[in-house]
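S.K.: coords below, sequence missing:
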């Protein structure tokens, strides 16, 4: 009798729906120098974002900038 109950429990259980794993195309574009969010590699390739120079594009992203230009900001 115990076996019948156990078998019926397993037979009635619903299989878990597989969760789609993220793909490479789902990832948001980030700087090639970003290791983890706001953990940047120490590669000096300066960029200018809103008049502020950053060591690389990762540092600019970590400071909230979405656009920048390559090279240091021009002094006026």
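M.R.: In hand now; what should we look at? Note that this is a predicted model, so its numbers are computed, not measured.
S.K.: For this structure, which residues score under the pLDDT cut-off?
M.R.: 1-36, 76 (pLDDT under 70).
S.K.: ranges for the strands of it?
M.R.: Along the chain, counting by DSSP state E, strands occupy 34-36, 39-40, 47-49, 52-54, 69-70.
S.K.: how about these, which one is nearest residue 61?
M.R.: strand 34-36 (6.7 Å; C-beta to C-beta). In this view, the C-beta of every residue, glycine as well, is placed from N, C-alpha and C.
S.K.: got the contact list for residue 63?
M.R.: 49, 52, 54 (C-beta atoms under 8 Å, 6 or more residues apart in numbering).
S.K.: Next one: it from residue 50, what distance?
M.R.: 9 Å (C-beta to C-beta, to the nearest Å).
S.K.: ranges for the helices of the chain?
M.R.: Assigned by DSSP state H, the helices in the chain fall at 2-12, 57-62.
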